[in-house]
Each structure stands twice: as structure tokens, then as C-alpha cells.
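Q: Any chance you could fold what I've pasted below:
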Amino acid sequence: MTYCQWITFTIALFTSIVTGTMGNGFIALVNITDWVKRGKISSVDQILTALAFSRLSLVWSVLICILTSILWPHLFLNLEMLIVTEILWVVNNHFSIWLATCLSVFYFLKVANFSNSFFLYLKWRVKKVVLVTLAVSLILLILNIVIRLGSIHLWIDSHEGNIFDSLRNLTQFPKVLPVTNSSHVFLPTNSMFMFIPFTVSLVAFLLLIFSLYKHLRKMQVNAKRPRDAGTMAHMKALKTGFSFLMVYAIYLVFIVIGISSFGLVGEIMIIMFDYSSGLAFPTSHSFVLILGNSKLRQATLSVLWWLRCQFKDTDTLGH
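A: Below you'll find the model as predicted:
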């Protein structure tokens, strides 16, 4: 890995960390402040707040990992430290993705309109459906952790006990992230568990499109305006769902690129690429959520207006 590539990936990583902290911190702060003022919090705000905290945890765990590997690289010559780091990444990434998927399911059940009795049963119990979805995802999380831990031990055994010599060499230049994610076993495993929530979100999105189609046909038959409240709710949910799927799809493409790059580029470059794309996804999606939520968007405009006034006052005092 050249020095120029190392600088590029480092800038990308720390940019994602800063913007991810700002975006998700803003979502959490606005929702918690509103909760304190009103004394209650809506279901969608609960999901958004939990999602923001999970992504803050993801961003900061990566930052701590980077700083630790730079300041105390010898710590990653310990098997227990490698395992802890891997579990932290898997858990934080899992909740970041599945809470976003739960948000897609929530919007679908709240907005879509079908006469099917099973759908109506789920629609009336949307909160329970979201909780059950999250609970079922925990089974996948446990399975993912078990596979990852097994892969770590297999990886170490395949190096016949010389793995920590390899790690010692990797931490000399550049002294960066733990090497666990660079193994050819880990990225395919990660992608396998990533496609499941993507499929759930995609199905919810397609069903929402079908629901909108049926709704518009019903409006035409009844000679009503196409821009009614139901249509607008569908369009808003579809915009949010489409943005999430686009960002998610780009992330999955990056994972596929990482998998296909084994043997073509160095391990360190793959590590940096994996972490950069892994942080870019939750960071960019947080800003999509801010733009798609009226309360968060209004809060953003208020902050920008306040900052503009502050700069104007500063310029006035300067003159």
C-alpha cells in the first residue's frame, strides 16, 4: 500500500467518523429533546433514536480501534483482543443495519393498504412486528458471531501458529486496524448476513409500490384527486425506502469489490476499504433520514439559521 493510498483512506475514514458522529448525534439529540419537552416519544422516533445510538457506537468503536492500533499496536498481538474487536464490529454493524430494516418494515405496515387478513393482523400490531423482527435478527447475530469466531480460529490454525508474527509485521506500516476483517473468510461471511436485511427491506419497498398502485387505481375509480393524504404518505415512505436501498446497494457493491480484490491488492488496502465503506453507509444514511423526516429537517434549518445569524453578528462586531 503506497503512502498516497494510506493518506486517502485515512482521510476518508476520519471524514466518515466526524460526519457520522455529527449526523447521528443530531438525530439522537433532536428526538431526546423533543421527548423531554412532550413527555412522550412516537414509535418512529424510538426506532430513529435507537438507530442513531447504534451508529454512534459503530463509529466510535472503529475510532477507538484505530487509535488503539496506532498507539498500542502490541495489544492486537493478543487473540482475546482480536476476538473482542471482531465481536464489537459485528454487533454494532448488525444493529445499525437491522434497526434501519425495522424502520422500513414500520413504514410499510403503517402506510401500505391491503385487504388481506394476515396483513391487517400485522398492521394492527406494528410495534410487536418490529420487536419480533429485531428479536429474530438476534438469532442471526449469534450465528454470525459463532461463524466469525470459528473463522478466526481456523485462520490462526491455517497459519500454523505464526499468525501473530504476521500481525506484528502488519502493524509496522501502517499501524492501523486489526487484520481480522482482511481474511478471505470474513468478507464473504459478512456479505451473506448483509443480504438478509437488504432482502427484507427490498420486499417491503416492492410491496409498498404495489400498495400505491392499488391506491391510485382506487382513486381513479372513485374520481378523487390523486394527491390525497394516502398517496402523499406512500410517496414519502417510498422516497425514504428508495434512498435506504440505494445507499445499502452501494455498500453491498463495495463489499463485493472487496471480496473480488483478494489476491489483486494488499491486505491492508482491503482492510481500509472495508472499514471506509462500512462507515460511509451509516453516515450517508443518517443524512438521508434527516432530509426525509420533517421534524429533523426543520431542526436542521433552525440550526443553520442560528449559525447564519451568529456569523452575521460576528461580522457586524468585526466592522
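Q: only C-alpha atoms for contact and neighbour calcs from this point on.
A: Fine.
Q: pLDDT below threshold where in the stretch 51-200 of the chain?
A: For the stretch 51-200 of the chain, the stretches flagged by pLDDT under 70 are 76-77, 155-190.
Q: List the buried residues for the helix or strand where residue 56 lies?
A: For residue 56, the host element (DSSP states H and E) is helix 43-71. Buried positions in helix 43-71, judged by neighbour count with 16 or more other C-alpha atoms under 10 Å: 45-59, 61-63, 65-66, 68-70.
Q: same for it, what does it pack against?
A: Packing contacts for helix 43-71, counted by 3 or more C-alpha pairs under 8 Å, 6 or more residues apart in numbering; DSSP states H and E, involve helix 3-38, helix 79-111, helix 267-292.
Q: got TSV for the ones you listed, with distance to residue 124 and mean neighbour count too?
A: What follows is the helices and strands packed on helix 43-71, written out as TSV (distance: least, C-alpha to C-alpha, whole Å; neighbours: other C-alpha atoms under 10 Å):
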stretch	distance to residue 124	mean neighbour count
helix 3-38	24	17
helix 79-111	9	20
helix 267-292	25	21
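Q: closest one to residue 304 among those?
A: helix 3-38 (12.7 Å; C-alpha to C-alpha).
Q: helices and strands around that closest one, which ones?
A: Under the contact criterion of 3+ C-alpha pairs under 8 Å, 6+ apart, helix 3-38 touches helix 43-71, helix 267-292, helix 294-318.
Q: ok and it relative to helix 43-71, angle-wise?
A: 140 degrees (axes from the mean of the first three to the mean of the last three C-alpha atoms, to 10 degrees).
Q: closest to residue 199 out of the helices and strands packed on helix 43-71?
A: Closest among the helices and strands packed on helix 43-71, using C-alpha to C-alpha: helix 79-111, at 9.4 Å.
Q: which is the next helix or strand following the closest one?
A: helix 117-124.
Q: CA atoms of that following helix as PDB?
A: This file holds the C-alpha atoms of helix 117-124, laid out as PDB (Å, rounded to 0.1, in the frame of the first residue of the first chain):
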ATOM      1  CA  SER A 117     -56.400 -10.600   6.800                       C
ATOM      2  CA  PHE A 118     -52.800 -11.600   7.700                       C
ATOM      3  CA  PHE A 119     -51.600  -8.100   6.600                       C
ATOM      4  CA  LEU A 120     -54.200  -6.400   8.700                       C
ATOM      5  CA  TYR A 121     -53.200  -8.600  11.700                       C
ATOM      6  CA  LEU A 122     -49.600  -7.400  11.300                       C
ATOM      7  CA  LYS A 123     -50.700  -3.800  10.600                       C
ATOM      8  CA  TRP A 124     -52.600  -3.600  13.900                       C
END
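Q: what's in contact with it?
A: If you take C-alpha atoms under 8 Å, 6 or more residues apart in numbering as the criterion, helix 117-124 is touched by 109-110, 114, 129.
Q: In it, which of the residues would be classed as buried?
A: Those would be residue 123, for helix 117-124 by 16+ other C-alpha under 10 Å.
Q: next one: stretch 137-148
A: 137-138, 141, 144-145, 148.
Q: ditto for stretch 291-311
A: Buried residues in stretch 291-311, counting neighbours by 16+ other C-alpha under 10 Å, are found at 292, 296, 299-300.
Q: tell me the mean pLDDT for it?
A: Taken as a whole, stretch 291-311 has an average pLDDT of 87.
Q: Going forward, the N-terminal residue is numbered 438.
A: Noted, 438 is the first residue going forward, which turns the last one into stretch 728-748.
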